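S.K.: Pasting the sequence and the predicted coordinates here, then a few questions.
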Amino acid sequence: MDENTKKIPLKQYAKNAYKYRYLMQEIVRKNVKLQYRNSFLGIFWTMLQPFLTMLVLVFIFTKVFGKASDGIVCYPVYLLTGRLLYEFYTQSTNRAMRSIRNSASVLKKVYVPKYIYPISNVFSTFITFLISLLVLVFVMAYFLIKNQYTHAYPDLHLSWYIFLSFVPIIFLCIFSTGIGLILSVLNVYFKDIEYIYSVITLMLFYVTPIMYSLKTLHKSGVNAIVMKVLMLNPLYSILEMFRSCVLYCSIWNWNHFFYALGVSIVTLAIGLIVFYKHQDRFILYI
């Protein structure tokens, strides 16, 4: 095995990422451009899609299933925060999962650190996620202005805590990168993982409090064991942290903070180790 293709120690990952930073930037730029290449509205779909989805879900869960939104401060903002973070997680992990197979032709011809591809796909999804946050800014601004006249949402106001909202976003990026690395390895050996994971993400959408709150479930008499299982979902802790800063204007629950931090770091570490152990065999299967 020559010097270029031998396994690189984990501690060298960061140095290599810096060495190939321009390649990563180019991959990220290419991914963002390709995402909406043949679309008339282009990058505006990044904001329009979550906004239209929010309108539909708000109508369903306030008019049709009214109890789902009971006790939630400004349900449209609550729903949008959950939807945006969930979409970032699912899109980034799905793209990372397919990245090695999609880059097979390049990997067979030239040496490039293979982990650059899944990580670059997470970063490119992060760029579009940041753009999609603009719709959250507009929706919040609308309700804040409306609140000045109607006082319909007395608990909704701006606070300096909103500047801390980047912390749960960082946790989500770390967690998504770890999951993406693991999935990219599994997808090399077992392509059916794409279909299995699509089912998992669909289930995740419903077990994560995106459209409802766990308080609503508790009031409806859901079993305490089920509640505890739902609270083990890392996305729940990350969502609650984000909503505390953006919607509730308060510091997050520190139990959520330490749980999300621990799970994110452990997941990334596992992802790097799994990827490190299998990267030299990719060429035999793609």
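M.R.: Great, that's in hand.
S.K.: Can you pull out the low-pLDDT segments for the stretch 51-200 of the chain?
M.R.: 59-71, 149-155 (pLDDT under 70).
S.K.: What ranges does it have for its helices?
M.R.: Under the criterion DSSP state H, counting those that start in this stretch, helices of the stretch 51-200 of the chain are mapped to 75-102, 104-107, 116-150, 166-189, 193-207.
S.K.: could you redo the ones you listed as CSV and give each row distance to residue 19?
M.R.: Quick note: C-beta positions are derived from backbone N, CA and C, even for glycine. Shown next, in CSV, are those (distance: least, Cβ to Cβ, whole Å):
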stretch, distance to residue 19
helix 75-102, 19
helix 104-107, 17
helix 116-150, 10
helix 166-189, 19
helix 193-207, 30
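S.K.: Could I get these in TSV, plus columns for distance to residue 229 and mean neighbour count?
M.R.: Putting the helices of the stretch 51-200 of the chain into TSV (distance: least, Cβ to Cβ, whole Å; neighbours: other Cβ atoms under 10 Å) gives the following:
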stretch	distance to residue 229	mean neighbour count
helix 75-102	18	22
helix 104-107	38	12
helix 116-150	27	18
helix 166-189	18	22
helix 193-207	8	13
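S.K.: Those helices: which one's closest to residue 275?
M.R.: helix 166-189 (4.6 Å; Cβ to Cβ).
S.K.: mind saving the C-alpha coords of the closest one as PDB?
M.R.: Output in PDB follows, covering the C-alpha atoms of helix 166-189 (Å, rounded to 0.1, in the frame of the first residue of the first chain):
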ATOM      1  CA  PHE A 166     -26.300  28.800  17.200                       C
ATOM      2  CA  VAL A 167     -25.300  26.400  20.000                       C
ATOM      3  CA  PRO A 168     -28.000  23.700  19.300                       C
ATOM      4  CA  ILE A 169     -27.400  24.300  15.500                       C
ATOM      5  CA  ILE A 170     -23.700  23.300  16.100                       C
ATOM      6  CA  PHE A 171     -24.800  20.300  18.000                       C
ATOM      7  CA  LEU A 172     -27.100  19.300  15.200                       C
ATOM      8  CA  CYS A 173     -24.300  19.700  12.600                       C
ATOM      9  CA  ILE A 174     -22.000  17.500  14.700                       C
ATOM     10  CA  PHE A 175     -24.600  14.900  15.200                       C
ATOM     11  CA  SER A 176     -25.600  14.900  11.500                       C
ATOM     12  CA  THR A 177     -22.000  14.500  10.500                       C
ATOM     13  CA  GLY A 178     -21.500  11.500  12.700                       C
ATOM     14  CA  ILE A 179     -24.700   9.800  11.400                       C
ATOM     15  CA  GLY A 180     -23.800  10.700   7.800                       C
ATOM     16  CA  LEU A 181     -20.300   9.100   8.100                       C
ATOM     17  CA  ILE A 182     -21.800   5.900   9.500                       C
ATOM     18  CA  LEU A 183     -24.500   5.800   6.800                       C
ATOM     19  CA  SER A 184     -22.000   6.400   4.000                       C
ATOM     20  CA  VAL A 185     -20.100   3.300   5.200                       C
ATOM     21  CA  LEU A 186     -23.200   1.200   5.400                       C
ATOM     22  CA  ASN A 187     -24.400   2.300   2.000                       C
ATOM     23  CA  VAL A 188     -21.100   1.100   0.400                       C
ATOM     24  CA  TYR A 189     -21.700  -2.400   1.600                       C
END
